[in-house]
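Chemist: Prediction below, plus the sequence it came from.
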Amino acid sequence: MVVHVDKLLSLYRDMWVIRAFEQGLEREFQKGNVPGMLHTGLGQEATQSALAAHLTATDAFFPDHRCHGINALAQERHAGNGRKIMAELFGRATGVCSGKGGSLHSADPAVGNYGDNAVEGSYMATVLGVALAYQLRAEPSVACCIIGDGTVGRGEFHESLNLAAIWNLPVLYACVNNGYAISTPVAEAHASGDTVDLVRGYGITCAQVDGNDIEAAYEAVATALEEIRAGNGPYFLEFKTWRWQGIFAGEFRPPDEVKHWKEDRDPIKLARARLLEIGEVDEEELEHIKAEVEAEIEGWIQFAMKSPMPDPAKATADVYVGWEVAGK
Amino acid sequence: MTTQTDVRTRTFVQALNEALDLSMDAYPEMFLIGEDIGAMGGDFGVTKRLWQKYGGDRVRDTPLSEAAIVGTCVGAAMVGMRPVAEIMFADFLGECFDQLVNNAAKMHYMFDGQFTASIVVRTASGGGFGGGPHHSQSVEGWFLNVPGLVVVGPTTPADAKGLLISSIENDNPVLFLEHKGLYRTKGEVPEGMYRTPLRSAAVARPGTDVTVVAAMRMVNESLEAAEILSGNGIDIEVIDLRTIKPYDADTLIESVKRTGRAVVVNEAPRTGGLASELSATISEECFRDLKAPVTRVAAVDAPIPFSLELEKHILPGRDDIVKAVKRTMAG
């Protein structure tokens, strides 16, 4: 692989940001400190880190429900305040949406985060409009939507691919195929378990990459964005990966499969082995990165928990632009 | 209301076309999107000649992809554009319900004011012409329960133009209902850009005995009823809501307090609709001023059949309004 060791180290650190973020969040969720529902990106750190490394603050990305990690990385990289994503998940005034969006609706356009819509696939229609505006205004930006394999079943999936193709829009479709839509195996639910098989008919350039190999994922995103920025229209990139989280609290997948992905295919373990193989860093240095990141994330959690709750006036604010809505 | 004084006679469709043309000229960030709106000029001719004038980038034809049409509008608005969609028939809004309800209407709120969904979704609604179950519905009731959405429904050609310009300039998502039965109606329409204010009802006919509230084609049915009733010595006041959500409760309440009687008219099915909502507000706000119960005139709770002979047994009209007013006067 051609990824420079410094870059690989920085990606390694980014993956730890995501893992520590999600594990800390999971812990606090179990303690009852995080309201609502929790879908983590554990196991999918490489895909999110690869995307975060290449998307700029003037691109737009639509995260999915497991994207706390990329949201935090974008926030940290472009505004130096990743902790605002943590605060949002705790429903606090200091969150990116003042606690009004939460896990499923965190957005900050200043860092390129155009927000999740918790009806999966909905933003596959929205992404067209952002990309069309870029095209009409001759801006070099790319609009990216991060989707899961379950989204393939939505009508918007097909409407979006068709229009992006015929209008030649600058859209990166980043499909995180983790094998299951909640409990439904992708290959049982769709005509093909490989999403790219369904996309090729639209005439869109497709690629499939090992989503747990950070070097491969990083290179694949770079290639996709180059193609799109060169004016070659939309690009569909499928990351083959696996999510650590079962269904809510339980596990439903065969023990062998769980063991394989968590032990043999853990993207962080793989990156660590690769870095040690290259030999320019030692185990101690890698441990230090991990410890440093974990301490930083604990700081974000403390920040979130100590942050004030939103002002009650926020509950009825911004329903309409310019018009008030009566309270209770 | 307007600095232009040159008033011409125009159809409802021509008035809408003028509003789009003037706005496209004034706002480079605006574009039109929908099915057959380009060279063909739209199913009802509302976008006629605009494709020829502004080109295919700004008057954009699409396949049958209503979710993508509205989603494209929302996304473009998130980055500062001002799109106007045409959904050929209001009955098709089910195909883009999620985009309107979960996306456009909530975007400004759930992302804490960081985005606006400054879009207009124009659509042909209403029945009375034998369009059958999927080309005749009045859908305003579907959207009354959606905070963040604006629903507008003009009656006169002058208001069609003024309300459409106001809707385009407004930063909220607007569902703009165009009743098919009004498209060919004619009226005086001022020249140039002017705005009919949103959230402001109009008194279509002043009166003293009963307040009749309606929107779109039902305003005209109410005005016809007024002529018949005046022959019986009953003088009704007809209020044209113009903005259906959020509606102008003040004008409504002031009128009912004065007349002491109210009939609410809506072309959509009776249960849980606009008529029910208006009736509830009048009952809450005007109870002590009422001389008779508030009466609803609405469609029967049934789909709309194709045969005109059957359709007239479902949709409300002039004669139903006359009957309801007389009953109210007797009560």
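Modeler: Yes, it's here. As the structure is a prediction and not an experimental result, all values here were calculated from the model.
Chemist: which stretches of the stretch 51-200 of chain B form helices?
Modeler: Taking DSSP state H, counting those that start in this stretch as the criterion, the stretch 51-200 of chain B carries its helices at B:66-78, B:97-98, B:105-110, B:140-143, B:157-169.
Chemist: Helices of the stretch 51-200 of chain A, residue ranges please.
Modeler: Here the stretch 51-200 of chain A has its helices, by DSSP H, counting those that start in this stretch, at A:68-79, A:83-89, A:122-136, A:155-167, A:186-189, A:195-199.
Chemist: now for those helices, which one comes closest to chain B?
Modeler: For these, proximity to chain B was assessed by CB to the nearest CB; helix A:122-136 is nearest, at 2.2 Å. C-betas here are computed from N, CA, C, even on glycine.
Chemist: The closest one - contacts with which helices or strands?
Modeler: Helix A:122-136 is packed against strand A:60-62, strand A:143-148, helix A:155-167, strand A:171-177, helix B:66-78, with contacts defined by 3 or more CB pairs under 8 Å, 6 or more residues apart in numbering or on different chains; DSSP states H and E.
Chemist: one step back: could I get the helices of the stretch 51-200 of chain A as TSV with mean neighbour count and mean pLDDT?
Modeler: Compiled in TSV, the helices of the stretch 51-200 of chain A are given as follows (neighbours: other CB atoms under 10 Å in any protein chain shown; pLDDT from 0 to 100):
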stretch	mean neighbour count	mean pLDDT
helix A:68-79	24	97
helix A:83-89	28	98
helix A:122-136	27	97
helix A:155-167	22	97
helix A:186-189	14	88
helix A:195-199	19	95
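Chemist: Out of the helices of the stretch 51-200 of chain B, flag the one nearest B:P293.
Modeler: For those, proximity to B:P293 was assessed by CB to CB; helix B:140-143 is nearest, at 21.2 Å.
Chemist: does the closest one come close to chain A?
Modeler: No - if you take CB under 8 Å from any CB of the partner chain as the test, helix B:140-143 misses chain A, and the best it gets is 14.1 Å.
Chemist: I'd like to check which residues are in contact with the residue nearest to B:N170 when sequence neighbours are not counted.
Modeler: Distances taken as CB to CB, 6 or more residues apart in numbering or on different chains place B:L198 nearest to B:N170, at 6.2 Å, with adjacent residues excluded. With contact taken as CB atoms under 8 Å, 6 or more residues apart in numbering or on different chains, B:L198 is in contact with B:150, B:152, B:163, B:166-167, B:170, B:242-243.
Chemist: Format the helices and strands packed on helix A:122-136 as JSON lines; extra columns: distance to A:M86.
Modeler: Conversion of those to JSON lines gives the following (distance: least, CB to CB, whole Å):
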{"stretch": "strand A:60-62", "distance to A:M86": "19"}
{"stretch": "strand A:143-148", "distance to A:M86": "19"}
{"stretch": "helix A:155-167", "distance to A:M86": "30"}
{"stretch": "strand A:171-177", "distance to A:M86": "22"}
{"stretch": "helix B:66-78", "distance to A:M86": "24"}
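Chemist: which one of the ones you listed lies closest to B:P28?
Modeler: Using CB to CB as the measure, helix B:66-78 is the one of those that comes nearest B:P28, at 12.9 Å.
Chemist: Averaged pLDDT, whichever strand or helix holds B:N266. What do you get?
Modeler: For B:N266, the enclosing helix or strand under DSSP states H and E is strand B:262-269. For strand B:262-269, the mean per-residue pLDDT is 98.
Chemist: Strand B:262-269 and the next helix or strand after it, what's the angle between them?
Modeler: From strand B:262-269 onward toward the C-terminus, using DSSP H and E, the following helix or strand is helix B:274-286. Interaxial angle of helix B:274-286 relative to strand B:262-269 (axes from the mean of the first three to the mean of the last three CA atoms, to 10 degrees): 160 degrees.
Chemist: for B:V150, what are its contacts?
Modeler: For B:V150, the contacting residues are A:320, B:167, B:170, B:172-175, B:198, B:243, B:245-246, by CB under 8 Å, 6+ apart.
Chemist: Just give the number of residues close to whatever residue of the stretch 201-331 of chain B ends up closest to chain A.
Modeler: Per CB to the nearest CB, B:P246 is where the stretch 201-331 of chain B lies closest to chain A, at 6.9 Å. B:P246 is flanked by 19 other residues according to other CB atoms under 10 Å in any protein chain shown.
Chemist: Spatially, which residue comes closest to it, not counting chain neighbours?
Modeler: In space, and not counting its chain neighbours, B:P246 is closest to B:R199: 5.9 Å by CB to CB, 6+ apart.
Chemist: contacting residues around that neighbour?
Modeler: By CB under 8 Å, 6+ apart, the contact set of B:R199 is A:323, B:243, B:246-248.
Chemist: Which pLDDT value does the model give A:V2?
Modeler: In this prediction A:V2 is given a pLDDT of 65.
Chemist: which parts of the stretch 1-150 of chain B sit against chain A?
Modeler: Residues of the stretch 1-150 of chain B found near chain A, taking CB under 8 Å from any CB as the criterion, are B:31, B:57, B:62-63, B:65, B:67-68, B:70-81, B:83, B:95, B:98-99, B:102-103, B:107-116, B:118, B:147-148, B:150.
Chemist: Buried ones among these?
Modeler: Judged by neighbour count, with 16 or more other CB atoms under 10 Å in any protein chain shown as the criterion, the buried members of those are B:31, B:62, B:65, B:67-68, B:70-79, B:81, B:83, B:95, B:98-99, B:102-103, B:107-116, B:118, B:148, B:150.
Chemist: Model confidence for B:T3, exactly?
Modeler: 52.
Chemist: re earlier: can you pull the phi/psi pair for the residue of the stretch 201-331 of chain B closest to chain A?
Modeler: Dihedral pair for B:P246: phi -70, psi 130, per degrees, to the nearest 10.
Chemist: ok, it touching A:G322?
Modeler: No - distance between B:P246 and A:G322: 11.7 Å, which falls outside the contact criterion (CB atoms under 8 Å).
Chemist: picking up where we left off before, quick check: the gap between the residue of the stretch 201-331 of chain B closest to chain A and A:E219.
Modeler: Look at B:P246 and A:E219: by CB to CB, to the nearest Å, they are 52 Å apart.
Chemist: Neighbouring strands of the strand holding B:N266 in the sheet, and parallel or not?
Modeler: On the basis of DSSP bridges, the sheet neighbours of strand B:262-269 come out as strand B:210-214 (parallel), strand B:295-299 (parallel).
Chemist: Average pLDDT for the last one, rounded please.
Modeler: Put plainly, it is strand B:295-299. Computed over strand B:295-299, the average pLDDT equals 98.
Chemist: Distance from that strand to the middle of the chain?
Modeler: 18 Å (CA atoms, centre = their mean, to the nearest Å).
Chemist: and it, which residues are buried?
Modeler: Neighbour counts over strand B:295-299 (16+ other CB under 10 Å) mark B:295-299 as buried.
Chemist: count of residues packed around A:A110?
Modeler: The tally of other residues near A:A110 (other CB under 10 Å) stands at 13.
Chemist: now chain B, which segments are flagged as low pLDDT?
Modeler: Across chain B, the ranges flagged by pLDDT under 70 are B:1-5.
Chemist: same thing but at 80, please
Modeler: B:1-5, B:331 (pLDDT under 80).
Chemist: Show me how it divides into domains.
Modeler: Domain segmentation of chain B under automatic domain parsing yields B:7-190, B:202-330.
Chemist: ok, and which of these has the densest surroundings?
Modeler: Relative to the other members of those, domain B:7-190 carries the highest mean neighbour count by mean count of other CB atoms under 10 Å in any protein chain shown, namely a mean of 22.
Chemist: Over to that one now: how far is its first residue from its last?
Modeler: Distance between the boundary residues of domain B:7-190 (CA to CA, to the nearest Å) amounts to 4 Å.
Chemist: A:A304: how many residues sit nearby?
Modeler: A total of 25 residues lie near A:A304 under the criterion other CB under 10 Å.
Chemist: show me what contacts the residue nearest to B:Q137 when sequence neighbours are not counted?
Modeler: Beyond its immediate neighbours in the sequence, the residue positioned closest to B:Q137 (CB to CB, 6+ apart) is B:D91, lying 5.0 Å away. For B:D91, the set of contacting residues under the criterion of CB under 8 Å, 6+ apart consists of B:134-137, B:139.
Chemist: Fine by me, we can end here.
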